[in-house]
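Visitor: Next comes the sequence, and after it the predicted model I'd like to discuss.
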Amino acid sequence: MEMVDIVKLFPGVRANDGISLDVRSGEVHALLGENGAGKSTLVRQLYGMYQPDGGEIRVNGAPVVFRKPMDAIRAGIGMIHQHFMLVPTMTVAENVALGRPSTRGLRLDLDVVSKRIRGLSEDYRLKVDPDAPVWQLSVGEQQRVEIIKALDLGASLIILDEPTAVLTPQEVADLFDTLKRMVAEGHSLLFISHKLHEVLAVSDRVTVLRDGVTVGTRRTAETTRDELVHLMVGRELKEYEHRGECHGEPGLTVRGLHVSGDRGEEIVRGVDLTVRCGEILGLAGVSGNGQRELAEALAGMREATAGTVEVRGEDLSGADLNTRVAAGLSFIPEERMRDGAIGDFTVQENVFLRDHGSRRFRRWLFLRFPEMARHAQRLVTDFAVKTPNLETPLKNLSGGNIQKLILARELSRDPKVLIAAQPTRGVDIGASEYIHRTLLARREAGTAILLISEDLDEIQTLADRIAVIYNGAIVGLVDRAESDARKIGALMAGGHQEATAQ
């Protein structure tokens with residue numbers, strides 16, 4: 001497959017500016033780049049979701065035009081989306097049958113489909129039950145179904161968009177074994193990821209995009225992590241320095257916390273945690289194991305059914321969000337545009353969503369707008385938020401800059417406790433580095449930080465101690481120096497549960 005001088009235009013944006021890329025038979029070609037570099041736009045054109053405004057796509061040397069995804073599928077191109085395209089209420093066999101272009105509804109004999117699934121499962125070691133409803137499958141198993149769908153459709157080139165984002169370390173290892181088997185069978189893979197160690201481990205060549213253009217293609221065996229980082233961000237990133245064990249007093253203390261989910265079912269089951277001042281406690285877990293509900297309960301956005309929450313010894317168990325903020329707790333929510341910001345509000349207005357009532361920014365009944373503008377500009381400058389001005393609607397900023405603004409707002413209160421839920425989700429490597437360094441600086445300043453992340457690499461990089469949550473309960477707690485990715489991954493998957501209280 002070749003993409004030659006691809007140009008894609010959106011109003012006011014040149015998303016792809018003459019990008020060229022080729023994927024050879026039996027090769028894993030990785031595509032790297034920060035948010036906004038043009039990766040997603042490029043592969044969506046390859047899969048027929050967008051059409052290029054310039055350039056040409058070739059398959060086996062012949063020019064092709066893909067008006068829709070089915071055109072790409074017929075040309076032997078498949079795509080595994082980061083967010084799986086499966087119908088949860090249907091079985092594995094029904095989902096695979098539904099994807100076949102030759103079927104109308106589900107008239108195809110499902111026994112034939114099930115036999116085909118079992119054959120592909122055996123050939124590529126993709127263990128999955130054709131009769132299992134998709135909603136009962138783990139995330140890793142659902143991804144196997146997506147791969148089986150692509151193979152069943154005869155894809156010779158498969159695009160994998162951030163395929164490890166929601167997997168445990170064991171599931172990542174299993175996926176990589178599958179990819180190697182697919183390549184050995186002659187398939188070609190276009191692997192999109194922001195995790196450099198994975199790219200270096202699995203790919204044959206790497207193409208790096210920056211600001212909509214190709215800045216380099218390298219043979220993986222002949223490049224280094226530092227070179228790839230420099231190509232992505234235009235500079236080198238410094239290594240984090242991790243200091244020794246923390247002996248601070250308890251900043252956040254959680255005892256016997258129980259929390260219900262949106263449907264009334266118990267999601268958090270008796271969580272006990274202590275986060276000391278000047279410490280980052282990392283909470284690792286696969287998505288959907290109670291992390292979001294726990295964070296919302298700690299922040300006062302969701303009512304707990306039982307248990308206590310203390311900040312520096314002050315019991316805040318029944319307090320609302322504003323009371324907890326006043327007591328020294330700040331919160332970076334998982335869903336930044338739902339719970340942390342308002343897209344139609346300006347940058348300055350988002351800075352003061354919770355702090356407009358502060359005495360610092362009002363005199364009697366009147367807001368002190370000049371002081372508010374100075375404060376907002378100081379945060380934008382100090383946290384390197386890229387925005388045309390303070391009156392720009394927040395929705396016009398990139399995800400990384402929105403996240404940095406939320407971080408700036410929450411840290412400007414000098415919090416005693418910070419709950420940081422998925423703080424770098426969806427942001428690029430440059431913004432991630434900035435957020436990581438900011439969290440480490442707050443730790444050094446004495447803030448107790450609970451870091452909730454599905455990225456085990458992030459947790460192992462930043463955390464002093466690591467707790468693992470599974471099915472709403474804490475099933476393991478280890479010091480960073482004693483952490484092992486495979487053991488933590490086993491706990492994340494529900495294996496070898498052990499009681500822990502601190």
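Guide: Yes, it's here. Residues are numbered from 1 along each chain as shown.
Visitor: contacts and neighbour counts: CA atoms only from here.
Guide: OK.
Visitor: Report the distance from stretch 304-314 to the chain centre.
Guide: Chain-centre distance of stretch 304-314: 29 Å, with CA atoms, centre = their mean, to the nearest Å.
Visitor: buried stuff in it?
Guide: Across stretch 304-314, burial judged by 16 or more other CA atoms under 10 Å covers 304, 307, 308, 309, 310, 311, 312.
Visitor: Only alpha carbons, please: show the helix or strand that contains residue 208 as CSV.
Guide: For residue 208, the host element (DSSP states H and E) is strand 205-210. Output in CSV follows, covering the C-alpha atoms of strand 205-210 (Å, rounded to 0.1, in the frame of the first residue of the first chain):
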residue,chain,number,x,y,z
ARG,A,205,9.7,0.7,10.3
VAL,A,206,8.4,3.9,11.9
THR,A,207,7.0,7.0,10.2
VAL,A,208,6.7,10.2,12.3
LEU,A,209,4.2,13.0,11.6
ARG,A,210,4.4,16.5,13.0
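Visitor: what does that strand contact?
Guide: Applying CA atoms under 8 Å, 6 or more residues apart in numbering, the external contacts of strand 205-210 come out as 21, 28-34, 36-39, 199, 214-220, 228, 231-233.
Visitor: Also stretch 80-95?
Guide: Taking CA under 8 Å, 6+ apart as the rule, stretch 80-95 contacts 106, 110, 113-114, 117, 129-135, 142-143, 145-147, 150, 158-163, 165.
Visitor: First-to-last residue distance for that stretch?
Guide: With CA to CA, to the nearest Å as the measure, the ends of stretch 80-95 fall 14 Å from one another.
Visitor: same thing with stretch 372-392?
Guide: Start-to-end, stretch 372-392 (CA to CA) is 16 Å.
Visitor: likewise stretch 310-321?
Guide: With CA to CA as the measure, stretch 310-321 spans 13 Å from end to end.
Visitor: and what of stretch 131-148?
Guide: End-to-end distance (CA to CA), stretch 131-148: 14 Å.
Visitor: next helix or strand past the helix or strand of the chain with the lowest mean pLDDT?
Guide: Least confident helix or strand of the chain, by mean pLDDT, DSSP states H and E, is strand 362-363 with a mean of 74. Of the helices and strands lying after strand 362-363 in sequence (DSSP H and E), the nearest is strand 366-367.
Visitor: Closest to the centroid, which residue in this protein?
Guide: The residue lying closest to the centre of the chain (CA atoms, centre = their mean) is residue 425, at 4.0 Å.
Visitor: Which among the contacts of strand 205-210 count as buried?
Guide: 21, 28-34, 36-39, 199, 214, 217-218, 220, 228, 231-233.
Visitor: from those residues, which ones fall inside strands?
Guide: 21, 28, 29, 30, 31, 32, 33, 214, 217, 218 (DSSP state E).
Visitor: Identify the farthest-apart pair in the residues you listed.
Guide: Maximum pairwise distance in those, criterion CA to CA, is 17.9 Å, between 28 and 214.
Visitor: where's residue 375, which helix or strand?
Guide: Assigned by DSSP H and E, residue 375 belongs to helix 369-382.
Visitor: I should have written residue 197 there, sorry.
Guide: helix 196-202.
Visitor: by contact count, what packs against that helix?
Guide: With contacts taken as 3 or more CA pairs under 8 Å, 6 or more residues apart in numbering; DSSP states H and E, helix 196-202 sits against helix 225-233.
Visitor: could you check the angle strand 213-219 makes with the helix it packs on?
Guide: Angle, helix 225-233 to strand 213-219, by axes from the mean of the first three to the mean of the last three CA atoms, to 10 degrees: 160 degrees.
Visitor: quick one: contacts of whichever helix or strand comes after helix 225-233?
Guide: Downstream of helix 225-233, the first helix or strand assigned by DSSP H and E is strand 250-260. Contacts of strand 250-260 with the rest of the structure, by CA under 8 Å, 6+ apart, involve 266-277, 293-294, 297, 303-313, 416-417, 447-448.
Visitor: Go through those and flag which are in strands.
Guide: Among the contacts of strand 250-260, the members falling in strands (DSSP E) are 266-276, 304-311, 417, 448.
Visitor: SS state for the residue lying closest to residue 400 once chain neighbours are set aside?
Guide: Distances taken as CA to CA, 6 or more residues apart in numbering place residue 427 nearest to residue 400, at 4.8 Å, with adjacent residues excluded. State at residue 427, reduced to three classes by DSSP: H, G, I helix; E, B strand; the rest coil: coil.
Visitor: quick one: the least confident helix or strand of the chain to chain centroid distance?
Guide: Averaged C-alpha coordinates place strand 362-363 at 40 Å from its chain's average position (CA atoms, centre = their mean).
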